[in-house]
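Undergrad: take this sequence and fold it.
(one chain, ligands or ions: 1)
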Amino acid sequence: MPAPFRTRRMVEFADTDMAGIMHFSAFFRFMEGAEHALLRSLGLSVYGIDDPAGGDAVISFPRVGASCDFSSPARCEDQLDIDVSVKKLGRSSVTYGFRLSRDGDELAAGQMTSVCCRMRTGQKPEPIPLPDDVASLLRRYAVTDGV
Ligand SMILES: CC(C)(COP(=O)(O)OP(=O)(O)OC[C@H]1O[C@@H](n2cnc3c(N)ncnc32)[C@H](O)[C@@H]1OP(=O)(O)O)[C@@H](O)C(=O)NCCC(=O)NCCSC(=O)c1cc(O)c2ccccc2c1O
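TA: Below you'll find the predicted structure:
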């Protein structure tokens, strides 16, 4: 099984709540930031990729699902390791899995699903098949057979 993509991020004061622990919404920001870092590491960008059909539409990845389970609190100035893997590659969708840990101890685990879409101003996003080159790059972090 390939190693997950790993990035590290410090918990800032603004990520915490009045109890001094990281707010649940910040976990989603950390997961999203880690996914964007994974895309950058593959030469892709969160701002979009070229339309395989040509033309000037933007191809991007709106989210259709996100969840996270929280098992232990994180505190201001903790350094969190965020591991990202690709749990599922569908026709147009990508489901990422995330593990957030501190010094090897898991604090939270989550997942997010994005759909590859052609985006046109004022129109609903149009799901399109994942371009082969993008799917091939994402497979580097695939964790299940047949992905
Ligand atoms: C995105 C949609 C246009 C998809 O339309 P629809 O759901 O009708 O499409 P399909 O039924 O054909 O399904 C396509 C594909 O998605 C899978 N899927 C659908 N729903 C779910 C779900 N809930 N969980 C898991 N998977 C789901 C389905 O199985 C199909 O998979 P295949 O692999 O078999 O093809 C439409 O759903 C839509 O417009 N939704 C609203 C999107 C939205 O507004 N999201 C919230 C804001 S987006 C956001 O926060 C965001 C964050 C980022 O970090 C971004 C980064 C880069 C770009 C954009 C970002 C972004 O928008």
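Undergrad: can stretch 65-77 be found next to the ligand?
TA: Yes: residues of stretch 65-77 contacting the ligand under CB under 6 Å from any ligand atom: residue 65. Bear in mind the C-beta positions are built from the backbone N, C-alpha and C, glycine included.
Undergrad: now stretch 39-58: average pLDDT?
TA: For stretch 39-58, mean pLDDT rounds to 85.
Undergrad: so is it next to the ligand?
TA: Yes: judged by CB under 6 Å from any ligand atom, stretch 39-58 and the ligand are in contact via residue 46.
Undergrad: check which helix or strand residue 7 maps to.
TA: strand 5-10 (DSSP states H and E).
Undergrad: excluding its backbone neighbours, what's nearest residue 70?
TA: residue 108 (4.9 Å; CB to CB, 6 or more residues apart in numbering).
Undergrad: what's the following helix or strand after the helix or strand encompassing that neighbour?
TA: When elements are assigned from DSSP H and E, residue 108 belongs to strand 105-115. Toward the C-terminal end, the helix or strand that comes next after strand 105-115 (DSSP H and E) is strand 117-119.
Undergrad: what separates the residue nearest to the spatial centre of the chain from residue 107, distance-wise?
TA: Centroid check for the chain by CA atoms, centre = their mean gives residue 35 as the closest residue, at 3.1 Å. Counting by CB to CB, to the nearest Å, the separation of residue 35 from residue 107 is 18 Å.
Undergrad: one step back: return the strand holding residue 7 as CSV; C-alpha atoms alone will do.
TA: Extracted in CSV, the C-alpha atoms of strand 5-10 (Å, rounded to 0.1, in the frame of the first residue of the first chain):
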residue,chain,number,x,y,z
PHE,A,5,0.7,12.3,1.4
ARG,A,6,1.7,14.0,4.6
THR,A,7,1.7,17.7,5.5
ARG,A,8,2.1,19.4,8.9
ARG,A,9,0.3,22.4,10.2
MET,A,10,0.3,24.3,13.5
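Undergrad: perfect, that will be all.
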